[in-house]
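**Q** generate coordinates for the sequence data below:
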Amino acid sequence: MSLPLHSTEKEDFLEQYIQSLLRGNGEELSAYLTQVDTHQQVFETKAVTRCYMVSSDGQHLPRIDDLALRIAFFLLDYAVPRSEIDKAKLLDEQQNTTIHTVQLKRKAKKLFTELKKTGEGGELLLYLLIQSVLRLPQALSKMSLKTSGQLHYQGADAIHLGYDKPTQKLSLYWGEAKLYQSIDSAINECFKSLSPYLIGQNGINDARERDLQLLMTNIDLANPDLENAILNYLDPNHPSFNSLEYRGACLIGYNVDSYCSEPFAKEQSIVLNEITQSFTNWLSKLNTGIKKHNHLDKFSLDVFLVPFPSVQAFRDSFLEAIKDV
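**A** This is a model prediction of the structure:
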């Protein structure tokens, strides 16, 4: 079906098409992350925070390994373009097999690095948070553009799409995931990386230029009509470009010592209460981090705060999980 000619109908269909790209039901992480606070606006900014802690198991221990394994199960959705997945599914259905999907899974696993300090676990977690919580589909499978599994992709950690019906604008979300031992380092590095994608000037020195070109060249939404419509918004020479709004989505992960370290030593409710008491201070730190960058406070930002018992333990668990899935 072609997109309707009338602009209002086109906008309605654009919203429906983008929503049709969503995967899952939004509950993908509900057993692994517990909500601490949500929809809190950072003072004097347009940033909205959502804070989650790692859920505890029946022994009151944080489910770090389980969380890492859970997100690793989504490596195919995250790393492989939609058309390749659809083609593999079709061939499997025609041939009554699963071999083509299994082959894609092997391909996806090879795209992930084995470097101990990898940030790819955080990037995959950010993808799932944007997808399941914000309900915004991925615009580009950046992992498929890597030339080596032992290298990291250069550019934004995530690119997602949304449609803002009140303003009738296409929203392009630039995502950054930063996991550090301290929240101060995570906040500083996150906004340092994100700000050029939001407040940069269009032109030859624009930090966004390379990723936008990659998106335009490699757009794969398994829907030609939607792809053509999105390409118009990304084209500076098309009138639709004037209705393209840049937004940010961040995952900021850091260590806290509130978690139970021995079986049955501390119930989750106590951990939750301790983390909740720190939340106001974290909001203040976010305000300071955002205000360091001129005009960043004017942009819509969705910030996920995830305090970990150990970000390095999460990285290590993720590297093992990728081998096992």
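**Q** only C-alpha atoms for contact and neighbour calcs from this point on.
**A** Noted.
**Q** residue 155: which element?
**A** Counting by DSSP states H and E, there is no helix or strand that carries residue 155.
**Q** now the helices for the stretch 151-300 of the chain?
**A** Along the stretch 151-300 of the chain, the stretches classed as helices by DSSP state H, counting those that start in this stretch are 183-199, 209-218, 224-234, 268-291.
**Q** please identify the most buried of the ones you listed.
**A** Mean neighbour count, computed with mean count of other C-alpha atoms under 10 Å, is highest for helix 183-199 among these, reaching a mean of 20.
**Q** I'd like to know which elements that one is packed against.
**A** Secondary-structure packing of helix 183-199 (3 or more C-alpha pairs under 8 Å, 6 or more residues apart in numbering; DSSP states H and E): strand 169-179, strand 244-255, helix 268-291.
**Q** OK, contacts around residue 311?
**A** Residue 311 is in contact with 179-181, 253-255, counting by C-alpha atoms under 8 Å, 6 or more residues apart in numbering.
**Q** most surrounded residue in those residues?
**A** Counting neighbours by other C-alpha atoms under 10 Å, the top entry in the contacts of residue 311 is residue 179, with 30 neighbours.
**Q** now that residue, nearest residue through space, not along the chain?
**A** Leaving aside its chain neighbours, residue 179 sits nearest to residue 253 (4.4 Å; criterion: C-alpha to C-alpha, 6 or more residues apart in numbering).
**Q** check residue 56 too.
**A** On the basis of C-alpha to C-alpha, 6+ apart, the spatially nearest residue to residue 56 that is not a chain neighbour turns out to be residue 62, at 4.3 Å.
**Q** and if you look at residue 238?
**A** By the measure of C-alpha to C-alpha, 6+ apart, the closest residue to residue 238 outside its immediate chain neighbours is residue 232, 5.9 Å from it.
**Q** show the pLDDT at that neighbour.
**A** pLDDT, residue 232: 94.
**Q** go through stretch 240-260 and flag the buried ones.
**A** Along stretch 240-260, these residues count as buried under the neighbour rule (16 or more other C-alpha atoms under 10 Å): 240-241, 244-256, 258-260.
**Q** how long is it end to end?
**A** 52 Å (C-alpha to C-alpha, to the nearest Å).
**Q** ok, stretch 163-181 next?
**A** Using C-alpha to C-alpha, one end of stretch 163-181 lies 35 Å from the other.
**Q** and the contacts of that stretch?
**A** With contacts defined as C-alpha under 8 Å, 6+ apart, stretch 163-181 is touched by 11, 14-15, 18, 119, 122-123, 126, 156-162, 186-187, 189-190, 193-194, 197-198, 233, 243-255, 310-311.
**Q** what about 6 Å?
**A** When contacts are defined by C-alpha atoms under 6 Å, 6 or more residues apart in numbering, stretch 163-181 is touched by residues 15, 122-123, 157-162, 186, 190, 243-255.
**Q** so what's the residue nearest to residue 179 up against?
**A** Residues near residue 253 by C-alpha under 6 Å, 6+ apart: 179, 306-307.
**Q** let's see it at 10 Å
**A** Under the criterion of C-alpha atoms under 10 Å, 6 or more residues apart in numbering, the contact list for residue 253 reads 52-53, 122, 177-183, 185-187, 304-308, 310-311.
**Q** equivalent analysis for residue 104, please.
**A** Applying C-alpha under 10 Å, 6+ apart, we find residue 104 in contact with 76, 79-80, 84-85, 88.
**Q** residue 180 and residue 122: what is the separation?
**A** Following C-alpha to C-alpha, the distance that separates residue 180 from residue 122 is 11 Å.
**Q** mutual contacts of those two, please.
**A** Going by C-alpha under 10 Å, 6+ apart, residues that sit against residue 180 and also against residue 122 are 252-253, 311.
**Q** beyond the helix or strand bottoming out on mean pLDDT in the chain, next helix or strand please.
**A** Confidence across the helices and strands of the chain bottoms out at helix 7-20, with a mean of 76, counting by mean pLDDT, DSSP states H and E. Beyond helix 7-20 on the C-terminal side, the first helix or strand identified by DSSP H and E is strand 33-41.
**Q** what strands flank that following strand, and is each parallel or antiparallel?
**A** Partner strands and pairing direction for strand 33-41 (DSSP bridges) are strand 47-54 (antiparallel).
**Q** now do the strand it pairs with, average pLDDT.
**A** In the prediction, strand 47-54 has an average pLDDT of 98.
**Q** what about stretch 78-87, distance to the chain center?
**A** 17 Å (C-alpha atoms, centre = their mean, to the nearest Å).
**Q** oops, could you answer that again for stretch 91-108 instead?
**A** Here stretch 91-108 shows a centroid-to-chain-centroid distance of 26 Å under the convention C-alpha atoms, centre = their mean.
**Q** with stretch 167-187 instead?
**A** Centroid separation between stretch 167-187 and its chain, computed with C-alpha atoms, centre = their mean, is 8 Å.
**Q** between its first and last residues, what's the separation in that stretch?
**A** For stretch 167-187, the separation between the terminal residues is 29 Å (C-alpha to C-alpha).
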